[in-house]
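A.B. asks: sequence-free structure coming up:
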């Protein structure tokens, strides 16, 4: 499921990132790679604040739909 | 001199370390992207002086935003003698990701393990000796904020800089190491420097590298045909990123021993539950913004006006009368600062004036100094403390880490207008000064978004425009008895922001169509603003304003005085009735007609050309508007206190205006904020809709020479002429609309109602037109 719909407070695994090439590379650089751990710590609407490698990342709603986790 | 470069993730403390090393006062803030250009300083405490270069924060050496290109190019092309890689110890894995990339270059490296104080406070530990061994480069524990470990760091760095270091990678065990090594050998054969680094970037399909090594990329493409990984396919960049993180968590992360295992919600997370909440986040932000402007401008602080005793508030009868409040209520801190500075500048200029009179009695010298220079300069200087106060409030917001949150909560709304929430940070910086704000747009990844933001930044009323708002609205409130000045000021700030939103919407629908950039931002932990940092920042800003006052504004006031007191044949105007014969008057009258649709053009009688002159002078620097006003006002006042009748007889002033001014002088209001402007209003017969339109014009037109130069540098090639045209068009349209609507509400005259209806019809027509056009020609999706 996309990050935008994932349960808050659970440790999840990244399955796939479907964003465009540049954005995908940037996400990989800041630690959102396939199989890496991610946790949603709060959400308003579809926009999410996620915990990635001990830092808090804010992601907009569209992007939150493009990061698939399980 | 040796050169050491500071590199690291955004917001990891590079600039704090830079300031600690060099004694500089570079701007530090608590959000990613404060430093957008490289800065140089000198470290003098060691055995030899060393040049230190602070670079913008980067997450990786594959740049995502324009400012990241600066860092990559510096390390690669300028070849520093040592790279000091700053690693935020509280976020080890993500920070070491960059380290694994820097290590691939043939450059000496020292790791500064920063924020050790914060880490130890959490009860966590890092085995830095073992980390040094495993990384193969020196690791030094420091706290840039507290200044600990810095000397040792520099000793290690000097030591390392004397040695030659070969690039090393953590990718040796990974599946595509063969390919990387083959490419490396090929590049080495072409005598390319840093072959290992370039080989890996090339395999990662990095845009810049592919363009540089057209021939070698074929090797990678050939290899891809025969390769298949079940997880990543042939997506080598993902494979490489994954390999790096895996290596880090296998070999480096275990060296950190955490007191609390697992993730716990920090205080910052708890604060964010409220501050970034869907429903209350935005109201809280608006309340904070209002509070800032209320603290800066209000003459009725905390709305206590009706409650408190007027005499007590205004301290009438004492030496401090009016300093801390007036009939309206208690003054806010910003207004008190203005009042104090106004008293100081008035006292000093009084002394200077008296001193001058004891030396000379030549009328033109007295006129030049008293009416020309002192009136103009003191007027602008009086506002400096109030401007600094506004900047202080904004700096506190920056320092706490709240800005990044606001960018996040505004993203949803900004997206509807056509930009991402990231654009908010340069925009709010625009309330201080447009120039750093425009430079900061380098943190925006999308080219169109940068263009839009740079164009909209001047609509966020900057510090130099603050005196125009404060003085003109103050004078308006006095001259026309309408409401309180601060409410008009707030409204005008909102008008500026509305213009920004509307123009962004229009550009997104026409010249700058395209997808909106995604919003990805790291939210730093909140911390209390540091006193020292704030003071350093404010001192820098104060210097900037004061320098401007004594250079460009001083020159302008002298020129204004001369051209308003001389005729074209260089004869001094001795008789006030000939004021309209001056060089300035003839230029002003020539320009006047173009401002007629805006309400401060040919419809004004007598000295009405001063508004045209002020508006034009404002294009150089916005402080010139008020400086110019004050210079001209004191020239005019000086003249008719001598011979008012001549002015009337010569037709310069109408008898009604003269009696108004005389009443003003008699009322003793000369001494309150904006009285010169009141005199100006009286002398020109301008009505309040014209004045509002005049302010709106100054707020939305070409900001100043310096900002134009910055915009030219920041925008892509050939865009500056369209941007100038855009600013001119926006200011004319916005102030013409303001004038017509205000006139309608003021008079309800037939023509104003008709014109208003026509304007609304045109706007509706334009919106429908843009929509129809966009539906007909939909954007090709990427």
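C.D. replies: Good, I have the coordinates. Model, not experiment: these values are computed from the prediction. Numbering: from 1, shown residues only, chains lettered A, B, ... in the order given.
A.B. asks: now residue B:323: closest residue in space, sequence neighbours ignored.
C.D. replies: residue B:339 (4.8 Å; C-beta to C-beta, 6 or more residues apart in numbering or on different chains). Quick note: C-beta positions are derived from backbone N, CA and C, even for glycine.
A.B. asks: now residue B:1. Nearest residue, chain neighbours left out?
C.D. replies: residue B:51 (5.1 Å).
A.B. asks: hang on, the earlier thing: go through the helix or strand the residue nearest to residue B:323 falls within and flag the buried ones.
C.D. replies: Per DSSP states H and E, residue B:339 falls inside helix B:333-359. Neighbour counts over helix B:333-359 (16 or more other C-beta atoms under 10 Å in any protein chain shown) mark B:333-339, B:341-343, B:345, B:349, B:356 as buried.
A.B. asks: residue contacts, residue 28?
C.D. replies: This is for chain A. When the contact criterion is C-beta atoms under 8 Å, 6 or more residues apart in numbering or on different chains, the partners of residue A:28 are A:17, B:237, B:238, B:241, B:242.
A.B. asks: wait, I meant chain B there
C.D. replies: Residues in contact with residue B:28, defined by C-beta under 8 Å, 6+ apart, are B:15, B:16, B:19, B:34, B:399, B:533, B:537.
A.B. asks: biggest separation within those, which pair?
C.D. replies: For the contacts of residue B:28, with distances taken as C-beta to C-beta, the pair at the greatest spread is B:19 and B:399 (14.0 Å).
A.B. asks: residue B:258 contacts residue B:124, correct?
C.D. replies: Yes. Contact criterion C-beta atoms under 8 Å: residue B:258 and residue B:124 qualify, at 5.1 Å.
A.B. asks: which one's more surrounded, the two?
C.D. replies: residue B:124 (17 against 13; other C-beta atoms under 10 Å in any protein chain shown).
A.B. asks: what sits against that one?
C.D. replies: By C-beta under 8 Å, 6+ apart, the contact list for residue B:124 reads B:256, B:257, B:258, B:259.
A.B. asks: lowest-confidence helix or strand of chain A?
C.D. replies: strand A:37-44 (a mean of 89; mean pLDDT, DSSP states H and E).
A.B. asks: do it and chain B meet?
C.D. replies: Yes. Under the criterion of C-beta under 8 Å from any C-beta of the partner chain, chain B is reached by strand A:37-44 at A:39, A:41, A:42, A:44.
A.B. asks: quick one: the nearest residue to residue B:433 once chain neighbours are set aside from residue B:434, how far?
C.D. replies: The shortest distance from residue B:433 to any non-neighbouring residue, by C-beta to C-beta, 6+ apart, is to residue B:462 (5.4 Å). Distance, residue B:462 to residue B:434, using C-beta to C-beta, to the nearest Å: 5 Å.
A.B. asks: skipping its backbone neighbours, what lies nearest residue B:703 in space?
C.D. replies: Leaving aside its sequence neighbours, residue B:703 sits nearest to residue B:458 (C-beta to C-beta, 6+ apart; 4.0 Å).
A.B. asks: got the buried residues of helix B:333-359 as JSON lines, with pLDDT and distance to residue B:626 columns?
C.D. replies: Shown next, in JSON lines, are the buried residues of helix B:333-359 (pLDDT from 0 to 100; distance: C-beta to C-beta, whole Å):
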{"residue": "B:333", "pLDDT": "93", "distance to residue B:626": "21"}
{"residue": "B:334", "pLDDT": "92", "distance to residue B:626": "17"}
{"residue": "B:335", "pLDDT": "90", "distance to residue B:626": "16"}
{"residue": "B:336", "pLDDT": "91", "distance to residue B:626": "20"}
{"residue": "B:337", "pLDDT": "93", "distance to residue B:626": "17"}
{"residue": "B:338", "pLDDT": "91", "distance to residue B:626": "13"}
{"residue": "B:339", "pLDDT": "89", "distance to residue B:626": "17"}
{"residue": "B:341", "pLDDT": "92", "distance to residue B:626": "14"}
{"residue": "B:342", "pLDDT": "88", "distance to residue B:626": "13"}
{"residue": "B:343", "pLDDT": "89", "distance to residue B:626": "18"}
{"residue": "B:345", "pLDDT": "90", "distance to residue B:626": "13"}
{"residue": "B:349", "pLDDT": "89", "distance to residue B:626": "15"}
{"residue": "B:356", "pLDDT": "90", "distance to residue B:626": "23"}
